[in-house]
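[1] for reference, the sequence and a predicted model appear below.
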Amino acid sequence: KAMLLLKKKRYQEQLLDKTENQISNLERMVQDIEFTQIEMKVLEGLKIGNECLNKMHQVMSIEEVERIIGETQDAVEYQRQIDELLAGSLTEEDEDAILEELNAITQEQLELPEVPSEPLPEKIPEVSPIKNRPKPELVAAS
């Protein structure tokens, strides 16, 4: 009987080992399937992205992009020139003309209004507050 029990025990241990191996293989398969599903989603995203890029390339040509870049560079150069003028980078002729104009203005006799001799009032009259109007409600277009 002892020999029979030992054989039965050994058989059950082998059966447990096989079952554990099968469970391990099943877990590995599930992980592989999940990873494959993730890969498929990535491939679908890449496919959609590629289609979008192709549509954008059809809409916008290289010549148009070059034209836009050229216009932008021209606008930047024009703005730089305006900034230089506003920053005071004037030529000597411009500065001489400005000084002459300033001298002419300062030498003119200006007629100024007379200063009032009455003292200023101490209190400032209160201004009635403006009634708050209700703001119009914005309605979303449907």
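    Here it is on my side, so go on.

[2] residue 120: neighbouring residues, count only.
    When neighbours are defined as other C-beta atoms under 10 Å, residue 120 has 6 of them. To be clear about C-beta, it is placed using only N, CA and C from the backbone, and glycine gets the same treatment.

[3] equivalent analysis for residue 81, please.
    Around residue 81 there are 11 other residues, counting by other C-beta under 10 Å.

[4] just how off-centre is the helix or strand it falls within within its chain?
    Using DSSP states H and E, residue 81 maps to helix 62-86. Mean C-alpha position of helix 62-86 versus that of the full chain (C-alpha atoms, centre = their mean, to the nearest Å) differs by 22 Å.

[5] which strands and helices sit next to that helix?
    Contacts defined by 3 or more C-beta pairs under 8 Å, 6 or more residues apart in numbering; DSSP states H and E place helix 62-86 against no helix or strand at all.

[6] following element in sequence after that helix, please.
    Helix 62-86 is succeeded, C-terminally, by helix 92-107 (DSSP H and E).

[7] so for that following helix, what's the average pLDDT?
    The predicted model assigns helix 92-107 a mean pLDDT of 81.

[8] got the angle between it and helix 62-86?
    40 degrees (axes from the mean of the first three to the mean of the last three C-alpha atoms, to 10 degrees).

[9] tell me the buried residues in helix 92-107?
    Across helix 92-107, burial judged by 16 or more other C-beta atoms under 10 Å covers no residue at all.

[10] restrict it to CA atoms and write it as CSV.
    Extracted C-alpha coordinates of helix 92-107, given in CSV (Å, rounded to 0.1, in the frame of the first residue of the first chain):
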residue,chain,number,x,y,z
GLU,A,92,22.5,113.6,-38.3
GLU,A,93,20.4,115.5,-40.8
ASP,A,94,17.2,114.4,-39.0
GLU,A,95,18.7,115.5,-35.6
ASP,A,96,19.7,118.9,-37.1
ALA,A,97,16.2,119.4,-38.5
ILE,A,98,14.7,118.5,-35.1
LEU,A,99,17.0,120.9,-33.2
GLU,A,100,16.1,123.7,-35.7
GLU,A,101,12.4,123.0,-35.2
LEU,A,102,12.8,123.0,-31.4
ASN,A,103,14.7,126.4,-31.5
ALA,A,104,12.0,127.9,-33.7
ILE,A,105,9.3,126.7,-31.3
THR,A,106,11.1,128.0,-28.2
GLN,A,107,11.8,131.4,-29.7
